[in-house]
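Visitor: Kindly generate the corresponding structure for this input.
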Amino acid sequence: MDGLINFFISNYQLITIVILSIFLGIEVISRVPSVLHTPLMSGANAIHGVVIIGAIIVMGQAHTDDYLALTLGFLAVVLGTLNVVGGFVVTDRMLEMFSKKKKKK
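Guide: Numbering: from 1, shown residues only. Model prediction:
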């Protein structure tokens, strides 16, 4: 318990920045018009590529008997990949809505 308290005390500024960033992100996203929401979200989902790379690095550096790190890394890779693919699928569908329809002869 003392280790956890010491961690929070030594990283107080970083934890404060993360919490404020979360609130700022929620405020910014809630003010985005619905027309722009899908392109912005697909761009944000592409950032999950960084999460995938980080998870692969964590899994590569983990010891073979550290099942928690391997499980969390695997979960991050799977969920990050689903998010990236889903973002691009949503963007593709939205762009199809704005493309000109071909006339049949």
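Visitor: Pull up the gap between Leu82 and Ile52, please.
Guide: Applying Cβ to Cβ, to the nearest Å, the value for Leu82 to Ile52 is 10 Å. Any C-beta I mention is one placed from the backbone N, CA and C, and that applies to glycine too.
Visitor: Looking at those two now, which is surrounded by more residues?
Guide: A count of neighbours by other Cβ atoms under 10 Å puts Ile52 above the other of Leu82 and Ile52, at 17 against 12.
Visitor: Could you say which helix or strand holds that one?
Guide: Using DSSP states H and E, Ile52 maps to helix 48-61.
Visitor: other SSEs contacting that helix?
Guide: helix 67-98 (3 or more Cβ pairs under 8 Å, 6 or more residues apart in numbering; DSSP states H and E).
Visitor: from the middle of its chain, how far away would the helix it packs on be?
Guide: 8 Å (Cα atoms, centre = their mean, to the nearest Å).
Visitor: Quick one: list the elements packing against that helix.
Guide: So helix 67-98, by 3+ Cβ pairs under 8 Å, 6+ apart, packs with helix 34-46, helix 48-61.
Visitor: looking at those helices, which has the lowest confidence?
Guide: Lowest mean pLDDT of these: helix 34-46, a mean of 66.
Visitor: Quick one: residues contacting Thr81.
Guide: By Cβ atoms under 8 Å, 6 or more residues apart in numbering, the residues touching Thr81 are His48, Ile52.
Visitor: Worst mean pLDDT across the helices and strands of the protein, which element?
Guide: Lowest by mean pLDDT, DSSP states H and E among the helices and strands of the chain is helix 34-46, with a mean of 66.
Visitor: Need the residues that contact the helix or strand containing Glu27.
Guide: Glu27 belongs to helix 12-30 when elements are defined using DSSP H and E. The contact list for helix 12-30, computed with Cβ under 8 Å, 6+ apart, reads Phe8.
Visitor: how far is that helix from where the chain is centred?
Guide: 15 Å.
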